[in-house]
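[1] any chance you can model this:
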Amino acid sequence: MGHLDHATFGWLTPVLSYAMACIGAALGLRCTVRALAAGGRSRRNWLITAASAVGTGIWTMHFVAMLGFGVSGTDIRYDVPLTILSLIVAMVVVCAGVFAVGYGRDRGRALLLGGLTTGLGVASMHYLGMAAVRLHGDVRYDPVKVGLSVLIAVVAATAALWAALNIKSPVAVTVASLVMGAAVSSMHYTGMFAVDVRVTPADDVLPGATAMQFIFPLAVGLGSYLFLTSAFVALSPSAGESEASASAQRPLASVSH
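    Okay, the predicted model is just below:
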């Protein structure tokens, strides 16, 4: 059995992955708050931005953490199509959950449905990402820990959507984002502690790409997207600010006429 190391770079990958999860959660919450205060096409656009932010944050968190994953006695490669599929799954299911909350008339039912859908989707993203791992040996899972990780994902997703509906102030959003980041990280490492690898030594070259060849550049690109989108959201006026600006311009327009 190979020895599993979940932090080959020390605390760097766990801390950085947690930061990515928190940034994605904070951005998603802020965008959802903007969406609920808007209507029409603007609401749809804000919800899409929220879903892409949360999905990107969760996926980046997972694979930044995977940069620190190592198994003694074997190299590790990643199946590129499966890895990209895991990103698409994260985006789609988070989008479904966010839209259920953003447009649902019965908020309670929408919250439960959205939380269950998003949580199961996040868990699917995690285990699709693990299915993309290529190594010399067999990967097995502890079913109890797998079930616990799925439960954490569903609870975390439901809590995130509840926060999106009920939390408005920047301070509260910050606190909620830190909690949500911790929940997503807990789900990831619970799932990782469920892994057991039985190494079969071999000399053949593994298929796929190394983490530094593929995962690292993609994670950096998605992380940059999160930071740029955060700047855009921070600089764009809220619905209240836009309304106040429009109200201030009306007297000027009437005077000019």
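[2] which residues sit in contact with Gln154?
    That one is not Gln; residue 154 is Val. Neighbour list for Val154: 115-116, 119-120, 123 [criterion: C-beta atoms under 8 Å, 6 or more residues apart in numbering]. The way it works is simple: take the backbone N, C-alpha and C, and place the C-beta from them, glycine included.
[3] Throw the residues you listed into a markdown table and include secondary structure, pLDDT and distance to Leu4, thanks.
    Formatted as a markdown table, these follow (DSSP: H, G, I helix; E, B strand; the rest coil; pLDDT from 0 to 100; distance: C-beta to C-beta, whole Å):
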| residue | secondary structure | pLDDT | distance to Leu4 |
| --- | --- | --- | --- |
| Gly115 | helix | 85 | 31 |
| Leu116 | helix | 88 | 30 |
| Gly119 | helix | 86 | 25 |
| Leu120 | helix | 87 | 25 |
| Ala123 | helix | 89 | 20 |
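[4] quick check, nearest of the residues you listed to Val171?
    Distance to Val171 across those (C-beta to C-beta) is lowest for Gly115, with 23.9 Å.
[5] okay, now that closest one: neighbour count?
    Look at Gly115: counted by other C-beta atoms under 10 Å, it has 23 neighbours.
[6] these two touch, right, it and Val98?
    No. Taking C-beta atoms under 8 Å as the definition, Gly115 is not a contact partner of Val98, at 11.0 Å.
[7] identify the contacts common to those two.
    Leu161.
[8] could you pull out the strands for this protein?
    4-5, 70-71, 76-78, 133-135, 137-141, 195-199 (DSSP state E).
[9] tell me the mean pLDDT for the third one?
    Read it as strand 76-78. For strand 76-78, mean pLDDT is 90.
[10] can you check which helix is longest in the protein?
    Ranked by residue count, the top helix of the chain under DSSP state H comes out as helix 40-66.
[11] and that helix, which residues are buried?
    43, 46-66 (16 or more other C-beta atoms under 10 Å).
[12] same check, this time on stretch 110-121
    Result for stretch 110-121 [16+ other C-beta under 10 Å]: buried residues 110-111, 113-115, 117-121.
[13] which of these lies closest to Tyr141?
    So of these, ranked by how close each gets to Tyr141 (C-beta to C-beta), first place is Leu120, at 16.5 Å.
[14] contacts only, for the closest one.
    By C-beta under 8 Å, 6+ apart, the contact set of Leu120 is 93, 150, 153-154.
[15] out of the residues you listed, which are buried?
    Neighbour-count burial (16+ other C-beta under 10 Å) applied to the contacts of Leu120 gives 93, 150, 153-154.
[16] what residue ranges in this structure score low on pLDDT?
    Applying pLDDT under 70 to the chain picks out residues 1-2, 234-235, 237-257.
[17] middle-most residue in it, spatially?
    Closest to where the C-alpha atoms of the chain average out (C-alpha atoms, centre = their mean) is Ile58, at 1.9 Å.
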